[in-house]
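Trainee: Return atomic coordinates for the entry below.
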Amino acid sequence: MNFVWKRAVAIAQKEVYHIIRDPFTIALSIGLPIFMVIVFGFAIEFNVKNIHLAVYDADKTQTSRGLIDTFGKSAYFIIDDVSSPEVAEQSIMRDRDRAALIIPGGFQKELFAGRISPVQLLLDGSDNSTVAPILSYLASIQKIAAKRLADFDPAQNIDIKTRFLFNSELNSRWFVIPGLMVAIMSILSVLLTALTVAQEWENGSMELLLSTPAEPLEIIVGKLVPYAILGLGSVIFVYAVSRLLFCVPFRGNLFVFGFGSVLFLVTYLAQGLLISIVTRSQHIAMQFAMLTGLLPAQLLSGFIFPIESMPTFFRYFTMILPARWFMVISRESYLKGSTFFDLWIPFLALVVLGWTMIFLATRKFKRDLEL
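Mentor: As a prediction, this is how the structure comes out:
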């Protein structure tokens, strides 16, 4: 039997009435993404700041105080004076401080004599999230301190001048918000459809739907369209929050971003339908939705950890995750202003993954009809 749009529209209308009668679904799809973007947008900060630094100054000279002042004025460190190197080390062990600066006696004397004046920096190696940023800050602070305290510029044979493209201030929110939108919409889209069909199985209304002359593909499309529109509305609201509240720039084309959003939503909504068709239980469907939507979108999509740094197997494994591809579209649309031709690979991947999910859900529905 051929695909008939009239039957698909009728199923879509039925689903719209179901959504209207269920305020929880509307609140979940609109309110939850906005709430989560606002909360996590303010909470997640990749630039490590307010690092408590224990300082022991055995020299107690103007030069040593100048070095300490250089750390304190960097806006990254909070200075905690301690009475001995042992106390400094104990403060790290007891998690009062993340690092310790030990300035030996004779620091100023050695520096003014033109000799190397060693200073020790102790770092909490159990917390890798702060070690790398502290080391990166240390290089800049060391250069500033050498110029300020010894009144000279360190000798440089190569002068490398750095300029950051697309995010000149390295504002982590500009990087976090577009990715956060992807992570949130991933799990929300899967949950919306995973629960709706499972609920019909539990309520017994699915048997009535299967007894209609509608084809499996018509049922799938009819159920996908209303939730896709609802999800697109959520994306629009989250986009407005990102622009108005967090002032994240958007340099791309709204049509390109919107088209990518639709492909992304349809793929995850179809995945949710497939889960719901297979499990036929809201409880099990929610567990599968969380397992396949939440964790991969957060950990394997490039949201937090760069895909290029992952082992070879996981770099290829991420190719089957829609969130990985829309993460590229979202961030590059916001910050780089990439065009459709720049992003043709992520778009092609979403088309293939979306069609695969719809095909699998349709085949499963067809087998149910033949039982």
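
Trainee: Quick check: which helices or strands does the top helix by length along the chain pack against?
Mentor: If you go by DSSP state H, the chain has its longest helix at helix 172-203. In terms of contacts (3 or more Cβ pairs under 8 Å, 6 or more residues apart in numbering; DSSP states H and E), helix 172-203 is packed against helix 32-43, helix 205-210, helix 216-244, helix 254-279, helix 282-289, helix 295-299, helix 322-331. (Glycine included, C-beta is placed from N, CA and C.)

Trainee: winner for burial among those helices?
Mentor: Compared across the helices and strands packed on helix 172-203, helix 322-331 shows the largest average neighbour count, a mean of 26 (mean count of other Cβ atoms under 10 Å).

Trainee: by how many degrees do it and helix 254-279 diverge?
Mentor: Helix 322-331 runs at 160 degrees relative to helix 254-279, counting by axes from the mean of the first three to the mean of the last three Cα atoms, to 10 degrees.

Trainee: where exactly do the strands run in the stretch 51-200 of the chain?
Mentor: 51-57, 77-81, 99-103, 120-123 (DSSP state E, counting those that start in this stretch).

Trainee: Let me know which of those is the nearest to Leu335.
Mentor: Nearest to Leu335 among those is strand 51-57; the distance by Cβ to Cβ comes to 27.0 Å.

Trainee: That closest one: partners in the sheet, and parallel or antiparallel?
Mentor: Counting by DSSP bridges, the strands paired with strand 51-57 are strand 77-81 (parallel), strand 99-103 (parallel).

Trainee: buried residues in the first one?
Mentor: The one in question is strand 77-81. Judged by neighbour count using 16 or more other Cβ atoms under 10 Å, the buried positions of strand 77-81 are 77, 80.

Trainee: Now do it, average pLDDT.
Mentor: For strand 77-81, the mean per-residue pLDDT is 91.

Trainee: Please list the outside residues in contact with it.
Mentor: 50-57, 68, 71-72, 91, 96-97, 99, 137 (Cβ atoms under 8 Å, 6 or more residues apart in numbering).

Trainee: deepest of the strands of the stretch 51-200 of the chain, which one?
Mentor: Note that of the strands of the stretch 51-200 of the chain, strand 99-103 is the most buried (mean count of other Cβ under 10 Å), with a mean of 22.

Trainee: Restricting to C-alpha, output it in CSV.
Mentor: The C-alpha coordinates for strand 99-103 follow below in CSV (Å, rounded to 0.1, in the frame of the first residue of the first chain):
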residue,chain,number,x,y,z
ALA,A,99,48.6,24.4,44.8
ALA,A,100,51.5,25.7,46.9
LEU,A,101,54.2,28.3,46.1
ILE,A,102,57.4,27.9,48.1
ILE,A,103,59.9,30.9,47.9
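
Trainee: Show residues contacting it.
Mentor: For strand 99-103, contacts defined as Cβ under 8 Å, 6+ apart pick out 51-59, 64, 67-68, 71, 77, 82, 85, 88-89, 91-92, 119-124, 130, 134.

Trainee: swap the cut-off to 6 Å and go again
Mentor: 53-57, 59, 64, 85, 88, 92, 119-123, 134 (Cβ atoms under 6 Å, 6 or more residues apart in numbering).

Trainee: From Arg324, how far off is Val352?
Mentor: Val352 sits 13 Å away from Arg324, going by Cβ to Cβ, to the nearest Å.

Trainee: since we're on Gln142, how many residues are nearby?
Mentor: Counted by other Cβ atoms under 10 Å, the residues lying close to Gln142 total 15.

Trainee: That one and Asn128, how far apart?
Mentor: Applying Cβ to Cβ, the value for Gln142 to Asn128 is 21 Å.

Trainee: Would you mind measuring from the residue in the chain sticking out farthest from the centre to Phe107?
Mentor: What lies farthest from the middle of the chain is Ala113; by Cα atoms, centre = their mean that is 50.8 Å. From Ala113 over to Phe107 the distance is 11 Å, taken as Cβ to Cβ.

Trainee: Ok, Leu170 next?
Mentor: Distance from Leu170 to Phe107, by Cβ to Cβ: 32 Å.

Trainee: try Val278
Mentor: Val278 is 69 Å from Phe107, by Cβ to Cβ.

Trainee: Domain parsing of the chain, as residue ranges.
Mentor: 5-44+170-370, 51-149 (automatic domain parsing).

Trainee: Please convert these to TSV, extending it with distance to Phe164.
Mentor: Shown next, in TSV, are the domains of the chain (distance: least, Cβ to Cβ, whole Å):
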stretch	distance to Phe164
domain 5-44+170-370	6
domain 51-149	14
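
Trainee: Quick one: distance of stretch 296-305 to the chain centre.
Mentor: 6 Å (Cα atoms, centre = their mean, to the nearest Å).

Trainee: quick check: mean pLDDT across it?
Mentor: On average, stretch 296-305 scores 86.

Trainee: Kindly report the same for stretch 273-285.
Mentor: Across stretch 273-285, pLDDT averages out at 85.

Trainee: who touches that stretch?
Mentor: Applying Cβ under 6 Å, 6+ apart, the contact partners of stretch 273-285 are 193-195, 197-199, 201, 288-289, 360-361, 364.

Trainee: end to end, how far does that stretch reach?
Mentor: End-to-end distance for stretch 273-285: 9 Å, by Cα to Cα, to the nearest Å.

Trainee: chain center to it, what's the gap?
Mentor: 27 Å.

Trainee: Next, count neighbours for the closest residue to Leu230 other than its chain neighbours.
Mentor: Residue nearest to Leu230 in three dimensions, not counting chain neighbours: Ser29, with 4.9 Å by Cβ to Cβ, 6 or more residues apart in numbering. By the criterion of other Cβ under 10 Å, Ser29 has 21 neighbours.
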